[in-house]
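Peer 1: Requesting a structural model of the entry that follows:
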Amino acid sequence: MNSKICIFSFIFTFCLSFFLIAQDNPKLDVKDLTDKQLETLDKDVSLDDFQKLELYDIYMESNKKIKSAIDKGTDATELRFMIENNDREIDSKLKEILLPEQFEKYIKIKRERAINGEKNKTTKKKKKKNDNHN
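Peer 2: Presented below is the predicted three-dimensional model:
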């Protein structure tokens with residue numbers, strides 16, 4: 001149950017950050033985002049060239065869908081649902097493309113980031129609340 005909460009928190013954080021980035025930068029470049037995602041994944045699990053090629057297309061397609069929804073003015077709830085579904089689809093495709101060791105490492109890192117992301121959000125809220133009281 002705890003791992004489900006962690007994964008949901010990570011997905012929610014990813015959704016929210018993607019949405020906020022897109023709002024702050026209406027000319028968000030899907031190619032740049034895709035490159036950054038691949039670069040991060042490569043640093044995390046050391047992709048080979050074949051994996052990079054396959055994953056580039058997957059991330060690009062996913063990012064285009066999300067960018068299109070943002071450009072159309074999709075409401076936040078629907079957008080979050082869409083991003084969560086895309087995230088599950090990507091994980092499913094990653095499981096097929098990555099080696100078992102790479103996928104296990106990816107899931108472990110994803111969980112750690114979800115936990116740390118939630119801790120960071122809580123810390124920032126407490127700090128902001130304390131700053132407002134002073």
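Peer 1: When you work out contacts or count neighbours from here on, use the C-alpha atoms and nothing else.
Peer 2: Noted.
Peer 1: gap between residue 100 and residue 68?
Peer 2: Counting by C-alpha to C-alpha, to the nearest Å, the gap from residue 100 to residue 68 is 33 Å.
Peer 1: brain fart, residue 60
Peer 2: Taken as C-alpha to C-alpha, the span from residue 60 to residue 68 is 12 Å.
Peer 1: Looking at those two, which has the bigger crowd around it?
Peer 2: Applying other C-alpha atoms under 10 Å to residue 60 and residue 68 shows that residue 60 carries more neighbours, namely 18 against 12.
Peer 1: What strand or helix carries residue 77?
Peer 2: helix 76-97 (DSSP states H and E).
Peer 1: Which positions within that helix qualify as buried?
Peer 2: 79, 80, 82, 83, 84, 86, 87, 90, 94, 95, 97 (16 or more other C-alpha atoms under 10 Å).
Peer 1: list the contacts for residue 45?
Peer 2: For residue 45, the contact set (C-alpha atoms under 8 Å, 6 or more residues apart in numbering) comprises 102, 103, 105, 106.
Peer 1: Show me the strands in the chain, by range?
Peer 2: In the chain, no strands are defined using DSSP state E.
Peer 1: Any stretches of it with poor pLDDT?
Peer 2: 1-28, 118-134 (pLDDT under 70).
Peer 1: Just the buried subset of the contacts of residue 45, please.
Peer 2: 102, 103, 106.
Peer 1: Just give me the closest of the residues you listed to residue 40.
Peer 2: residue 106 (10.6 Å; C-alpha to C-alpha).
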